[in-house]
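J.: fold the following and give me the result.
(chains A and B)
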Amino acid sequence: MEGMTRREILGTLGVLGAAAATGAVTVGVPGPATAQQPQFGQQESVQDAMRRLFGARPIKDAGGLVKLDVPLIAENGAVVPVSVEAQSPMTPQNHVKGIYIVADKNRIPVVTHVALSPEAGAAFMGANIRLGETTDLRAIVEQSDGTLLQVKREVKVTVGGCGG
Amino acid sequence: MQDVGKVRVRVPSTIKAGEVVRARTLVIHPMERIERDAKGQVIQKKYNYITKLTATYLGKQVAVFDTTQSVSENPFFAFAFRATDPGQLKVTFIDTHGGKYEGTADIRFS
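T.: Modelled structure (predicted):
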């Protein structure tokens, strides 16, 4: 706390308090009800989810660096195969730290997150996910230097698979 | 389902030393969805779904998935790793009811 003025400390506490009250922060707020709850499985809007995960960090368009592979039309929303591949040397200095999959219109928008280590050798992940309705699907790649790259694709869903 | 917790891990049949290979894994699990009553209110209960998948190769973590109820029933995941030495690839799934399901694949070079 050295080097912080009283004003700054009070300000920080205020922000944390407000965030806790609205439930925006789950990390570091071990409420009795949320203690068992994993950080991801929350019902929230995609804007809230993005703010919670990334705060104000800028998210760049990945262009050709990240490949998101997902069917254009998903006939069955209960099982939609998704795979993400990012170009990365995967050295300890420069590697992909994590990949997020976010489905904008799902009630639980953050579908999955994978933390990768340099031993992985390639920034690749695949999963079968649920989509409730036709939605934008985002893959967000977090690099070891903190850069965020995003790819967005629309997936048309014939029969929704979320139920909830 | 009596098969709950059965884990399958697939790796390519021929692997060369130093190669980056893709592994696929699957667990039989219901991944319960959020249920609602007639009024559309969420029924509060402890839903049983997978929250974590850890993949380790030669004792080192290569990929850790955090998952939510937006992941399909019988979840399938794929990831890559660099096959440097013969050894064991181990995949562990953890669900919200304390279930822990493990699967392994032996990495051998041909």
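
J.: right, and A:Val114 touches A:Ala86 too?
T.: No - with contact defined as C-beta atoms under 8 Å, A:Val114 does not count as touching A:Ala86 (11.3 Å). Where you see a C-beta, it was placed from the backbone N, CA and C, and this is true even at glycine.

J.: now do the SS call for A:Arg51.
T.: Three-state call for A:Arg51 (DSSP: H, G, I helix; E, B strand; the rest coil): helix.

J.: what's the burial count for it?
T.: Neighbour count for A:Arg51, taken as other C-beta atoms under 10 Å in any protein chain shown: 13.

J.: got any residues that touch both of A:Val114 and A:Ala86?
T.: Shared between the contact lists of A:Val114 and A:Ala86 (criterion: C-beta atoms under 8 Å, 6 or more residues apart in numbering or on different chains) are residues A:Ile99.

J.: B:Arg22: neighbour count?
T.: Counted with other C-beta under 10 Å, residues neighbouring B:Arg22 total 18.

J.: ok now do it, which residues does it touch?
T.: A:122, A:124, A:126, B:12, B:78-80.

J.: what of A:Val82?
T.: Here A:Val82 is in contact with A:68-70, A:101, A:126-129, A:137, A:139 (C-beta under 8 Å, 6+ apart).

J.: likewise for A:Lys67?
T.: Taking C-beta under 8 Å, 6+ apart as the definition, contacts of A:Lys67 comprise A:84-86, A:151.

J.: which residue packs closest to A:Asp136, ignoring adjacent ones?
T.: Of all residues not flanking A:Asp136 in the chain, A:Asp104 sits nearest, at 4.4 Å (C-beta to C-beta, 6 or more residues apart in numbering or on different chains).

J.: was I right about the one you found contacting A:Thr135?
T.: Yes - counting by C-beta under 8 Å, A:Asp104 does reach A:Thr135; the two are 5.0 Å apart.

J.: those two - which one has more neighbours?
T.: Using other C-beta under 10 Å, the more surrounded residue of A:Asp104 and A:Thr135 is A:Thr135, with 22 against 18.

J.: model confidence score at the more buried one, please.
T.: Note on A:Thr135: pLDDT of 92.

J.: that one and chain B, how far apart?
T.: Applying C-beta to the nearest C-beta, to the nearest Å, the value for A:Thr135 to chain B is 11 Å.

J.: now that residue: closest residue in space that isn't a chain neighbour?
T.: Once flanking residues are discounted, A:Thr135 sits nearest to A:Lys105: 3.8 Å by C-beta to C-beta, 6+ apart.

J.: need the phi and psi values for that neighbour.
T.: When read as degrees, to the nearest 10, the backbone of A:Lys105 gives phi -100, psi 0.

J.: make sure it is actually in contact with A:Leu137.
T.: No - here A:Lys105 lies out of contact with A:Leu137, judged by C-beta under 8 Å, at a distance of 9.6 Å.

J.: hang on, the earlier thing: what's the ChimeraX line that selects buried ones from the contacts of B:Arg22?
T.: To isolate in ChimeraX the members of these that are buried, counting by 16 or more other C-beta atoms under 10 Å in any protein chain shown, one can use:
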select /A:122,124,126 /B:78,79,80
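
J.: want to try TSV for the contacts of B:Arg22, with pLDDT as columns?
T.: Formatted as TSV, the contacts of B:Arg22 follow (pLDDT from 0 to 100):
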residue	pLDDT
A:Ala122	91
A:Phe124	94
A:Gly126	95
B:Pro12	92
B:Ala78	95
B:Phe79	95
B:Ala80	94
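
J.: and of the contacts of B:Arg22, the nearest to A:Gly77?
T.: Comparing the contacts of B:Arg22 against A:Gly77 with C-beta to C-beta places A:Gly126 closest, at 17.6 Å.

J.: OK, contacts around that closest one?
T.: Taking C-beta under 8 Å, 6+ apart, we find A:Gly126 in contact with A:81-84, B:22, B:24, B:76-79.

J.: pick the one among the residues you listed closest to A:Val155.
T.: Nearest to A:Val155 among these is A:Val82, at 8.9 Å by C-beta to C-beta.
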